[in-house]
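Participant: Here is my input, please return the structure:
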Amino acid sequence: MISLPVNKKIVVSAIVILVAALVFVILVMNYGSILSGDKELPHEDKWGIYVLDLKTEKTELLYSSANKISRIRLDNAGDQLVFFQQIFYATTPSSQKTIPKSFSLKNGTIINAVTRNLIIW
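Facilitator: This next block holds a predicted model:
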């Protein structure tokens, strides 16, 4: 049998690198399987407000809109969501602008547009 001189530091370093690479690959594969699960968000339009059950990881669509939704807040009573939505309006017959308008949502239904005095930041 042929005996080759072996540097133990190189062998130990190689084993440590291989183990680290194996652990990394296993973690990436497991994390990728979590992300690529067959979970799709229910949607009707481009923008939406959802409820996520953290225990079951199920989502429920509360409100959907083609217009951008932003600054979603829960009111002080905890039973309504207040949010801004971009609304198109015509300044002249040939031009349109968008403005953020605030709305409140309760039980999945738009209650009303909120007045400027009630805007929650």
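Participant: Would you map the helices across the protein?
Facilitator: In the chain, the segments counted as helices under DSSP state H are 8-35.
Participant: Please parse this protein into its domains.
Facilitator: Here the domain assignment for the chain is 7-38, 47-118, based on automatic domain parsing.
Participant: out of those, deepest packed?
Facilitator: Among those, ranked by average contacts under mean count of other CB atoms under 10 Å, first place goes to domain 47-118 (a mean of 13). From N, CA and C alone the C-beta is placed, and that goes for glycine too.
Participant: what about it, distance to the chain center?
Facilitator: What separates the centre of domain 47-118 from the centre of its chain is 16 Å, taken as CA atoms, centre = their mean, to the nearest Å.
Participant: where do the strands sit along the protein?
Facilitator: For the chain, the strands defined by DSSP state E occupy 47-52, 59-65, 69-74, 81-92, 95-106, 109-113.
Participant: The first one vs strand 81-92, what angle?
Facilitator: By that I understand strand 47-52. For strand 47-52 against strand 81-92, the angle by axes from the mean of the first three to the mean of the last three CA atoms, to 10 degrees is 170 degrees.
Participant: For strand 47-52, which strands pair with it and how are they oriented?
Facilitator: Sheet pairing for strand 47-52, assigned by DSSP bridges, gives strand 59-65 (antiparallel).
Participant: So for the strand it pairs with, mean pLDDT?
Facilitator: Across strand 59-65, pLDDT averages out at 85.
Participant: weakest of the domains of the chain in terms of mean pLDDT?
Facilitator: Across these, domain 7-38 has the smallest mean pLDDT, namely a mean of 73.
Participant: Excluding chain neighbours, give the residue nearest to Leu81 in space.
Facilitator: Nearest in space to Leu81, with sequence neighbours left out and distances taken as CB to CB, 6 or more residues apart in numbering, is Leu105 at 4.5 Å.
Participant: does that neighbour really touch Leu61, like I thought?
Facilitator: No: at 11.8 Å, Leu105 and Leu61 do not qualify as touching, with contact defined as CB atoms under 8 Å.
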